[in-house]
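Novice: give me a 3D structure for the following:
(chains A and B)
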Amino acid sequence: MRGDRVVRALIRLYPREFRERYGRAMLAFHRERLHEGGTTWSRIVCDHLASALAERVRSLSKRRRVDPTADSVPMLGQDIRFALRTLARRPIFATIVIGTIALGIGANSAIFSVVNGVLLRPLPYPEPDRVASFGHAPPTLLVSPPEYFDYARDLRSFEALAAYTLGEGNLATPDEPERVGLAAVSTNFFSVLGVRPLVGRTFLPDEDRVMPATVAVLSYGLWQRRFGGDQTIVGRTIPFNGTSRTVVGVMPQYFDYPTAHVDVWLPMARFKSDSLGDRANHYLFVVGRLRRDVPVARAERAASTVARRLMRDYPEKYDPNAPLVPVLTPVSEALVGATRPYVWMLFGAVGFVLLIVCANVANLLLARGEGRRREMAVRSALGASRRRMLAQLLTESTIFALGGGTLGVLLAWSGTRALVALAPRSIPRVEQVGLDWVVLAYALATSLGAGILFGLVPALRASREAPAETLKEGGRASSQGASGRVRRALVVTEVALAVVMLCGAGVLLRSLLKLQSADLGFDPRSVLTARVSPTATTYEESRLIVFYTQLLERVRAIPGVLSAGAAGWLPVVDNGGMWGLLAEGQSYDRVPRGPVAVPQQATAGYFEAMGLKVTVGRGFTDADRESGPYVGIVSRSLATELWPNADPIGKRFRVGGGSTFMTVVGVVDDIRGRGFGGALEPAMYFAYPQTRETAYFTPRSMNLVIRTKGDPLGIANQVKAIVRSLDAMAPVSNVRSLEQIVGISVANRRFSTTLLGAFAALALVLAGVGIFGVISYGVSERRFEIGVRMALGAERSRVLVSVLGEGLRMTLVGVAIGIVGAAGVLRILRSLLVDVPVVDAVTFAGVAAGLVIVAVAASFVPARRATAISAMDALRGG
Amino acid sequence: MSGNTDPARFLPLRPVELLILTALGSGDRHGYAIRKAVLESTQGRVSIEAGNLYRYIRSLEDDGLVVDAATRTADADERRIYYRLTSLGRRVLAAELERLRTLVRYAEAEGLIARLRT
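Specialist: Numbering: from 1, shown residues only, chains lettered A, B, ... in the order given. Model (predicted):
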């Protein structure tokens, strides 16, 4: 009988005594128990596991009570009391040790809380590994509606695909108009992600028929912020983007797809058969839920097959030189992929810090162990077993570890809050970072692990002493012995680890500086930007133009404003695509093969405010009116591409079929529209009043760009007041300086480089303390020897040099090992480096020099003390 | 089991101990029969498994409230052990039930539960 075997195995878990007494009876019990219906094996197994464990504990503690001489649990209480008494006798030593551990554990737990919150904690969707975003390889990137339909119909690898677009909208409540992020989604969007609303419902399948959509789903954040978490929100109407929408649901707090900035979800218009025609219009984001057991790679191969068929079926729509290549990214990867290497790098760095801390503490304990050799010898001679002494020493180091760990968690608690406050918003899920039980468990585990790591070597050494020898020596120790070797090896390790961290921080810092020194093509200093969004229903296009003209006139009148303009998008934060264009007299057989450029709608004054240099001709002026003549401005690289050997001024170009030709009146510098690290891109500029004719449409929301004499943020309130006086319902959002905006493009990198630098500095200090400790201890042990040598006529300088030399020797060995290690570690981080070689001679040399200086400084104080040893005192044995 | 035989020393009993002693109050039982009696007396709410049951029995045996009934009934399976209340066990059970009765009466007098009409 199978059940019998299982039960027999379970019974074997109990202590023998219990087994012999009740084993057969329990077996008989189970014969009948298993006939009883509704048996759950899990219940039986859990019962036996718990009972057997309880019995084992009981029999252990009983045995201890019987045999008081054995190493036992009651002894633990004695060990703890003894250890606490010992610590209390040397409070400074205890404080240094516990403080050092707290630094290591604190830094570790704080960074682990980031690892946990950003990388480890599962995404809040059911089976998140089955959710993948679906796009195309560059330059296509997104998906066009007909392609979306073809993929959704033909791809068996997906249970369902959903599409969405991103945008912004005006929440126009009278008290405070606000610009919020919005996502227009296909009605199956929420079910593809598998997330239920917190309140109400999501969209019904036919709610995409009526446009503009009359229903909306709100984010938890918006619901709390603007509606006070009102449970009766469902069914209420809110004025959003010029239409009243009925709130049908609120999403849970954790739901942040596609981004944390989305506050309103609206149904996306159902594609009509005529809109399906535009196969080249790639503007949809697509996300899908894979069928169970279909790996991403297989789904991607299947999608590629469909894409190849589409290219074959519509040869006139696709350029064979830019094939359609589907790219599937698991949603976790899409969300945190770019952040991952930075987070792991920091986690590795704090791991190094912890190792250095352990080495330092081990050193301190070893040094103290030397001082306690006599005590140990006496205890051993009185009959304490080796196990007994080892247990006592490990108890001490565990107390250190737990004390330091507790303090470290407090440090981590404040550290984590500071991290979250300082972290750039571009780090995904940063709001998820905090101390939870996973982090606490991690802190406990690392504390205990560290306790064993730094406690074991000193404990083993101390308990291995031969008592007779030690007592004969009179308890005098010598650093020339094995213990001294161990301590020097620990310091060499510390130095090597610090070198690796400093080299890493150094090359990353150099990468950051290289990146930031790139010429953006415009001057971000002293520029204020703000987004103004007049409501759709209240403005005709001509009124929009008047609105912005008046607005800019009044802004220019603010004292301290040097120039002001407005544009459709801002660099870095608005990721615009490129538009195709045609120069007059040139033709291309297919649109994808023609020239493309970044489009920008700009008012008069924009180039001056941006600090964008007009190299040939002129910028826009108020004379470039709605009625024409139609003018355009091109960037330098676009001019060279379109008219390689001619003066571009006076030439004409246009975008797309229906729009009007513009005459080029000026050429400006290329800019890095994606910030530091981005490329210089060709761009074309349209005069804002003419955009309906020349650039398909007139953008409603515009970004003010205001160059000021002093602090740009100082005039923010005046700008807001001017907008309000012109239109009380137009929200002003994203008020920030242009420097803040371009900073976003390197925010992650700057943040993690700063942190790594701080950890590296900590490592350097700890290594310095380690060197100081060992040299200083060595000097005090060699008092006698040094005293004799000085008495025999050794010069002070020679003593000084010999002590300094000892510190330097350890440091140089450590530096050599560290540089080899750094070359290896940095190879892993290669992807994060910009224009800096892995083995960067400048950085490495600087780090080596820095450590030598630290080593000399750390050895100098003990060296000076050595030279001050009086021969008489030393010989007297003082 | 001489020496400390004052039933009050064992009070209050743990709930499962009380249930086991009550089950044995009406006659000797083996382990599985105790489980069934406990299930019955609690309307199926307390379902006790082997490991837990025998741990309680061990502690009750050690305290001298329960013994291995040496005489078996005619149909007894020889591998089964039948347990029997000792006289101390019977007195402890009675004392515990008496204690509970006092408590119930007090609660009734205070109006915490309705008085049972008989």
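Novice: residue 96 - how many residues pack around it?
Specialist: If you meant another chain, say so; for now it's chain A. A:Ile96 is flanked by 16 other residues according to other Cβ atoms under 10 Å in any protein chain shown. Heads up, the C-betas are built off the backbone N, CA and C, glycines and all.
Novice: if you could check chain B rather than the one you did, that'd help
Specialist: Applying other Cβ under 10 Å, we find 20 residues neighbouring B:Glu96.
Novice: how about it, nearest residue that isn't a chain neighbour?
Specialist: Once flanking residues are discounted, B:Glu96 sits nearest to B:Leu13: 4.9 Å by Cβ to Cβ, 6 or more residues apart in numbering or on different chains.
Novice: and the residue of chain A closest to chain B?
Specialist: Residue of chain A nearest chain B, by Cβ to the nearest Cβ: A:Ser51 (2.9 Å).
Novice: could you find the closest non-adjacent residue to that residue?
Specialist: Using Cβ to Cβ, 6+ apart, the nearest residue to A:Ser51 is B:Gly51, at 2.9 Å.
Novice: what are the buried residues along the helix or strand harbouring the one you found?
Specialist: Secondary structure from DSSP states H and E places B:Gly51 in helix B:50-62. For helix B:50-62, a neighbour-count test (16 or more other Cβ atoms under 10 Å in any protein chain shown) marks B:50-58, B:60-61 as buried.
Novice: can you list contacts of that helix?
Specialist: A:10, A:14, A:18, A:21-22, A:25-26, A:29-30, A:33, A:44, A:47-48, A:50-52, A:54-55, B:14, B:16-17, B:20-21, B:31, B:34-35, B:66-68, B:83, B:89 (Cβ atoms under 8 Å, 6 or more residues apart in numbering or on different chains).
Novice: for chain A, state which of the buried residues of helix B:50-62 is nearest.
Specialist: B:Gly51 (2.9 Å).
Novice: return the distance of the closest one relative to A:Ala260.
Specialist: Distance from B:Gly51 to A:Ala260, counting by Cβ to Cβ, to the nearest Å: 50 Å.
Novice: look up the closest residue to A:Tyr314, ignoring the ones flanking it.
Specialist: Per Cβ to Cβ, 6+ apart, closest to A:Tyr314 is A:Arg279, 6.0 Å.
Novice: what distance do you get for the one you found to A:Phe271?
Specialist: Distance of A:Arg279 to A:Phe271, computed by Cβ to Cβ: 12 Å.
Novice: does anything pack onto the host helix or strand of A:Asn734? Which helices or strands?
Specialist: Using DSSP H and E, A:Asn734 sits within strand A:732-737. With contacts defined as 3 or more Cβ pairs under 8 Å, 6 or more residues apart in numbering or on different chains; DSSP states H and E, strand A:732-737 has these neighbours: strand A:178-185, strand A:527-532, helix A:716-726.
Novice: can you get me a residue count around A:Ala334?
Specialist: 18.
Novice: for it, what are its contacts?
Specialist: A:132-133.
Novice: please repeat the previous calculation with a cut-off of 7 Å.
Specialist: Taking Cβ atoms under 7 Å, 6 or more residues apart in numbering or on different chains, we find A:Ala334 in contact with A:Ser133.
Novice: isn't A:Pro146 right next to A:Arg279, touching?
Specialist: Yes - counting by Cβ atoms under 7 Å, A:Pro146 does reach A:Arg279; the two are 4.8 Å apart.
Novice: one step back: now which of the contacts of helix B:50-62 would you call buried?
Specialist: Buried subset of the contacts of helix B:50-62 (neighbour count, 16+ other Cβ under 10 Å): A:10, A:14, A:18, A:21-22, A:25-26, A:29-30, A:33, A:44, A:47-48, A:51-52, A:55, B:17, B:20-21, B:31, B:34-35, B:66-67, B:83, B:89.
Novice: which of those fall in helices?
Specialist: Cross-referencing the buried ones among the contacts of helix B:50-62 against helices under DSSP state H gives A:10, A:18, A:21-22, A:25-26, A:29-30, A:33, A:44, A:47-48, A:51-52, A:55, B:17, B:20-21, B:31, B:34-35, B:89.
Novice: element containing A:Ser627, please.
Specialist: Counting by DSSP H and E, A:Ser627 is part of no helix or strand.
Novice: helix, strand, or coil at A:Pro599?
Specialist: Applying DSSP: H, G, I helix; E, B strand; the rest coil to A:Pro599 yields a three-state assignment of strand.
Novice: bridge partners for it, pull those for me.
Specialist: Per DSSP bridges, the residues bridged to A:Pro599 are A:Met684.
Novice: now for A:Asp286: which residues touch it?
Specialist: Careful, residue A:286 is Val; it's not Asp. With Cβ under 7 Å, 6+ apart, A:Val286 has these contacts: A:134-135, A:143, A:148, A:161, A:163.
Novice: quick check, nearest of those residues to B:Arg101?
Specialist: Ranked by distance to B:Arg101 (Cβ to Cβ), these are led by A:Leu161 at 69.9 Å.
Novice: so the closest one touches A:Ala152, yeah?
Specialist: Yes - using Cβ under 7 Å, A:Leu161 makes contact with A:Ala152 at a distance of 4.5 Å.
Novice: number of residues surrounding residue 41?
Specialist: All of this is about chain A. A:Trp41, neighbours per other Cβ under 10 Å, totals 10.
Novice: wait, I meant chain B there
Specialist: By other Cβ under 10 Å, neighbour count at B:Ser41 equals 13.
Novice: retrieve the pLDDT associated with it.
Specialist: For B:Ser41, the pLDDT comes out at 90.
Novice: wait, isn't it in contact with B:Thr22?
Specialist: Yes - applying Cβ under 7 Å, one finds B:Ser41 in contact with B:Thr22, separated by 6.3 Å.
Novice: relative to A:Thr416, how far out is the closest residue to A:Asp436 other than its chain neighbours?
Specialist: Spatial nearest neighbour of A:Asp436, chain neighbours left out: A:Asn116 (7.4 Å); criterion: Cβ to Cβ, 6+ apart. Applying Cβ to Cβ, the value for A:Asn116 to A:Thr416 is 10 Å.
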